[in-house]
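A.B. asks: This is a predicted model, with the sequence first.
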Amino acid sequence: MKAEEKRKYSLILSAFSGITILSSSVLIINNPNILGISRIQTLPALILVTISLIFGCLMLFGSFLIYRKSKSGPIVVFIFSFLGLIIGGVLFIGFVIGFILGIIGAILGFSKGTRDN
């Protein structure tokens, strides 16, 4: 696979990862009962989901950095994929899917020839 193809797939997977985490966060914020939690537990869960929403935005920013051939783009996606899984992975399956896509996208972004030196 050529370096340009790797960068393109890294960008696509990283962007889909951020979009998946963002959409899962918005879905839970709009309907917290989807998690099956009681009213007492709603506030802590919504705080975690709001943090995951921020992580999803930062993952989209990381995919933009991958597009710009930045060395820090895959690092941003990789770090916030793990943090998104830790924070939101226990809440909803969308965070796990976002984690998997983010890790694959970051690994492709780390591969030789996809970044400027």
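C.D. replies: Received it, and whenever you're ready, just let me know what you need. Please read all numbers here as calculations on a predicted model, not as lab measurements. Residues are numbered from 1 along each chain as shown.
A.B. asks: Next, the contact list for the residue nearest the centre of the chain, please.
C.D. replies: Centroid-nearest residue in the chain: G18, 3.8 Å away (criterion: C-alpha atoms, centre = their mean). Shown in contact with G18 (C-beta atoms under 8 Å, 6 or more residues apart in numbering): G56, C57, L58, M59, L60, G62, S63, V77, G98, G102. The way it works is simple: take the backbone N, C-alpha and C, and place the C-beta from them, glycine included.
A.B. asks: Repeat that for G109.
C.D. replies: K6, R7, S10, S14, I66, G73, P74, V77, R115.
A.B. asks: ok, back up a step: now do the residue nearest to the centre of the chain against L65, distance only.
C.D. replies: Here G18 is placed at a distance of 12 Å from L65 (C-beta to C-beta, to the nearest Å).
A.B. asks: Ok, G94 next?
C.D. replies: Distance, G94 to L65, using C-beta to C-beta: 23 Å.
A.B. asks: re the thing from before, switch the contacts of G109 over to CSV; also include neighbour count.
C.D. replies: Formatted as CSV, the contacts of G109 follow (neighbours: other C-beta atoms under 10 Å):
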residue, neighbour count
K6, 18
R7, 20
S10, 26
S14, 34
I66, 29
G73, 27
P74, 25
V77, 35
R115, 20
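A.B. asks: mind listing what the closest residue to A106 other than its chain neighbours touches?
C.D. replies: Of all residues beyond its chain neighbours, the one nearest A106 is F78 (3.8 Å), with distances taken as C-beta to C-beta, 6 or more residues apart in numbering. Counting by C-beta under 8 Å, 6+ apart, F78 makes contact with G102, I103, A106, F110.
A.B. asks: Try it again at 10 Å.
C.D. replies: S14, M59, G62, G102, I103, G105, A106, I107, G109, F110 (C-beta atoms under 10 Å, 6 or more residues apart in numbering).
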